[in-house]
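Asks: give me a 3D structure for the following:
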Amino acid sequence: MSPTTLPAGPEHGHVTFLGAGPGDPGLLTLRAVEALASADVLVAGHEVLDVVRTHARSGVAVVNTDSESSSDPVPGTGTPQLKVVDGASTAVGLPVVRDAAHLVMEAARGGRRVVRAVSGDPGLDTYAAEEMLACARAGVPFEVVPGVAAAVGVPAYAGVPLRDAQGADVRFVDARTASDRCWTEVGASDGTVVVSTSLDSVGAAAGELVAAGRKPDTPITVTVAGTTTRQRTWTATLGTIAQTFKQGKVLPSPDGGRSVIAVVGERSAAAQREQLSWFESKPLFGWKVLVPRTKEQAASLSDQLRSYGAVPHEVPTIAVEPPRTPQQMERAVKGLVTGRYEWIAFTSVNAVKAVREKFEEYGLDARAFAGIKVAAVGEQTAKALVAFGVKPDLVPSGEQSAAGLLEDWPPYDPVFDPIDRVFLPRADIATETLVAGLIELGWEVDDVTAYRTVRASPPPAETREAIKGGGFDAVLFTSSSTVRNLVGIAGKPHNVTVIACIGPATAKTAEEHGLRVDVMAPEPSVHKLAEALADFGVKRRAAAVEAGDPVTRPSERRPGARRRRTTT
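Replies: All right, here's what the predicted structure looks like:
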């Protein structure tokens, strides 16, 4: 029987050799995510552990193949040493073994589903190939989930096509193990050469190609940290790349050199890269953006920022707690069920959450809203209601705010409205705008405190220092309270940090705290705020290019440097 078709059961587990790609978590395949979600044991190198661990189920045993500390640093002569990085690993009775090959086999023999994750593609990983052979010899069933190889994925992210209409030959070389014969062959070719090497050894690899016959003026692009927001690419020639690094103060790495992908050939010229560099030219590429909201609140906003190339960092400034006296909320929910209200108006996602929790406490679900009209103050609140199973009857057609909701709210009509009362669950510090407006329209309002907002605990010292020291490129303020609370728990953002505010009231509060507002959303929406920041980034990049200056992030400016105010 084939080793890949043995049944998985009490005596026979299963091993999945999985390619995690070159670094971008979004490059994981659907099959890879499925395998990770069902794994009992996850064995991964330090360079991919963060990429794959996110998709693993709770309680998975995690083991790091700590290859950097291995006593066998030469690929192909052994397997990496192991390092337990999760306490769950000891709880599942993993065998005590020296290397990854024995671990995956022994764990699989114990009936466990093992995922062995490697950087790039398993077919190009020496260790993975050895471990597959070991499984095959031992009769341990396994499968292979391909991944995006760094030698292919990194040039794509760097805007360097490997082939064109002429169909040039493409050669792949690992400079760390390449023989003299290999260099001679690629040197004699006029095709494209993709070299996997280290940052410290690029000059030596370029010298090998020139010595093997390549012209010194042959273009070369070198990319470090490819497919991640730390990616950086240099363009030069084989004869000038060493000088380019020297002028750019690209210093040797203390860890022996970061891995890079270099593409050599006429068809990887700088002119092409300038047109095709889609990743590093994203509006906020590499920007570290502070989002003063909880992870739950910031989820869609952070995703949007990532699409612009930013690195969002969520810092909660407000904590939500139950009301001090819950009786009022309890009476209102009972009144909702007994027909006391014609409308219920939700002004925030937290209000939806508070009512939903009360419903669950009483054993109710979305069916309790039957016959009641539901209003939501904005798109995010409406989405929270839909997730609850409730489609709102009224969402502002214009401004996403209490004022916008009042613009569309119908006046009370005793002929068409049998009940004149509105249930308004909201925060203890909410403004009276909506209450006053509804009363003016003829409605009776039960204004109920559904939750309390209190100042969150201070973030870690490292985050506080980054805020005050200019470690963040931008901060998004989505309300006046986020300004007050962030300054209160973490201090005032540094002068170089770009300040973006959701509207005039928030901007005024920021200025009252001594902050200079650079960006303001055209309308009070968190997504419009992110768009405005991206537009700011585009204009900032264009100004630098036009002036012939290097494109830098705000945090890379000289500390204390003044910045011009640009409001969008």
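Asks: from here on, just use CA atoms for contacts and neighbour counts.
Replies: Fine.
Asks: by contact count, what packs against the lengthiest strand in the chain?
Replies: Assignment by DSSP state E gives strand 444-455 as the longest strand of the chain. Under the contact criterion of 3 or more Cα pairs under 8 Å, 6 or more residues apart in numbering; DSSP states H and E, strand 444-455 touches strand 318-321, helix 327-338, helix 349-362, strand 421-427, helix 433-440.
Asks: so what touches the next helix or strand after it?
Replies: Beyond strand 444-455 on the C-terminal side, the first helix or strand identified by DSSP states H and E is helix 461-469. The contact list for helix 461-469, computed with Cα atoms under 8 Å, 6 or more residues apart in numbering, reads Gly471, Phe472, Ala490, Gly491, Lys492, Pro493, His494.
Asks: in the stretch 51-200 of the chain, where is pLDDT below threshold?
Replies: Filtered on pLDDT under 70, the stretch 51-200 of the chain yields the residue ranges 66-98, 165, 167.
Asks: just the strands in it please.
Replies: Counting by DSSP state E, counting those that start in this stretch, one finds strands in the stretch 51-200 of the chain at the ranges 61-65, 82-84, 113-118, 142-145, 170-174, 192-198.
Asks: same question for the stretch 451-568 of the chain.
Replies: According to DSSP E, counting those that start in this stretch, the stretch 451-568 of the chain carries its strands in the segments 474-477, 498-501, 519-520.
Asks: can you put those in TSV and add mean pLDDT?
Replies: What follows is these, written out as TSV (pLDDT from 0 to 100):
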stretch	mean pLDDT
strand 474-477	96
strand 498-501	97
strand 519-520	96
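Asks: now those in a markdown table, with mean neighbour count and distance to Ala129?
Replies: What follows is these, written out as a markdown table (neighbours: other Cα atoms under 10 Å; distance: least, Cα to Cα, whole Å):
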| stretch | mean neighbour count | distance to Ala129 |
| --- | --- | --- |
| strand 474-477 | 25 | 45 |
| strand 498-501 | 27 | 48 |
| strand 519-520 | 26 | 52 |
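Asks: hmm, who's touching stretch 181-194?
Replies: Outside stretch 181-194, the residues that touch it by Cα under 8 Å, 6+ apart are 151, 162-163, 168-173, 208-214, 261-268.
Asks: give me the buried subset of these.
Replies: Neighbour counting by 16 or more other Cα atoms under 10 Å classes 151, 162, 170-171, 173, 208-210, 212-214, 261-268 among the contacts of stretch 181-194 as buried.
Asks: now, which of the residues you listed lie within strands?
Replies: The strands, defined by DSSP E, take in Val170, Arg171, Val173, Ile261, Ala262, Val263, Val264 from the buried ones among the contacts of stretch 181-194.
Asks: what's across from the closest residue to the last one other than its chain neighbours in the sheet?
Replies: The shortest distance from Val264 to any residue other than its chain neighbours is 4.5 Å, reached at Ile220 (Cα to Cα, 6 or more residues apart in numbering). Beta bridges link Ile220 to Ala236, Val264, judged by DSSP bridges.
Asks: can you give me the helices in the stretch 1-150 of the chain?
Replies: Listed from the start of the chain, the stretch 1-150 of the chain has helices (DSSP state H, counting those that start in this stretch) covering 30-37, 49-53, 88-91, 100-109, 126-138, 150-158.
Asks: now those in a markdown table, with distance to Thr325?
Replies: Output for these, formatted as a markdown table (distance: least, Cα to Cα, whole Å):
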| stretch | distance to Thr325 |
| --- | --- |
| helix 30-37 | 42 |
| helix 49-53 | 42 |
| helix 88-91 | 41 |
| helix 100-109 | 54 |
| helix 126-138 | 60 |
| helix 150-158 | 55 |
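Asks: shaky segments in the stretch 201-350 of the chain?
Replies: For the stretch 201-350 of the chain, residues meeting the criterion pLDDT under 70 lie at 252-257, 267-271, 294-298.
Asks: on that earlier part again, between the strands of the stretch 51-200 of the chain, which one is closest to Met329.
Replies: strand 61-65 (43.5 Å; Cα to Cα).
Asks: just want the angle from that closest one to helix 100-109.
Replies: For strand 61-65 against helix 100-109, the angle by axes from the mean of the first three to the mean of the last three Cα atoms, to 10 degrees is 160 degrees.
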